[in-house]
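Enquirer: only geometry, no sequence info:
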């Protein structure tokens, strides 16, 4: 399910399936995209930041068209203890690999991978420099 921003409308709460993973998409060519994500973050329950949120940054193949510095996005990921994935949706191979990676993350967050929890998964993704 896709939403352009949060909070989600409450009138369909009873029809909404359980949310296992929240992926915030940031278009690196749009400062509005980052502002929208920053505003939406306030509407996510704090428990989701224990392995059930990630940031997907698109448009990274066009460095000269960037409106947002990657450092600012990385700091956002650090502040919310959530992984940041960079991809270029216009390249099929990268798009497919990113989709597969997101599906693996979703399976873990939904509890479909025995012995691996969302919290343990996010701790594995942390840089060793953070320790």
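Expert: Arrived safely, thanks for sending. Bear in mind that the values here come from a model prediction, so they are computed numbers and not experimental data.

Enquirer: contacting residues around residue 84?
Expert: 54, 55, 57, 73, 74, 76, 77 (Cβ atoms under 8 Å, 6 or more residues apart in numbering). (Glycine included, C-beta is placed from N, CA and C.)

Enquirer: quick one, helices of the protein?
Expert: 31-41, 70-79, 92-109, 118-125 (DSSP state H).

Enquirer: For the ones you listed, which has the smallest mean pLDDT value?
Expert: When mean pLDDT is averaged over each of the helices of the chain, helix 118-125 scores lowest at a mean of 71.

Enquirer: if we can go back for a sec, the helices of the chain into TSV, with extra columns for mean neighbour count?
Expert: Converted to TSV, those look like this (neighbours: other Cβ atoms under 10 Å):
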stretch	mean neighbour count
helix 31-41	15
helix 70-79	14
helix 92-109	15
helix 118-125	15
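
Enquirer: Of all the ones you listed, which one is nearest residue 17?
Expert: helix 92-109 (12.4 Å; Cβ to Cβ).

Enquirer: Please name every helix or strand in contact with that closest one.
Expert: strand 53-58, strand 84-86, helix 118-125 (3 or more Cβ pairs under 8 Å, 6 or more residues apart in numbering; DSSP states H and E).

Enquirer: Tabulate these (CSV), appending distance to residue 29.
Expert: Below are these laid out as CSV (distance: least, Cβ to Cβ, whole Å):
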stretch, distance to residue 29
strand 53-58, 8
strand 84-86, 13
helix 118-125, 25
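
Enquirer: No further questions, thank you.
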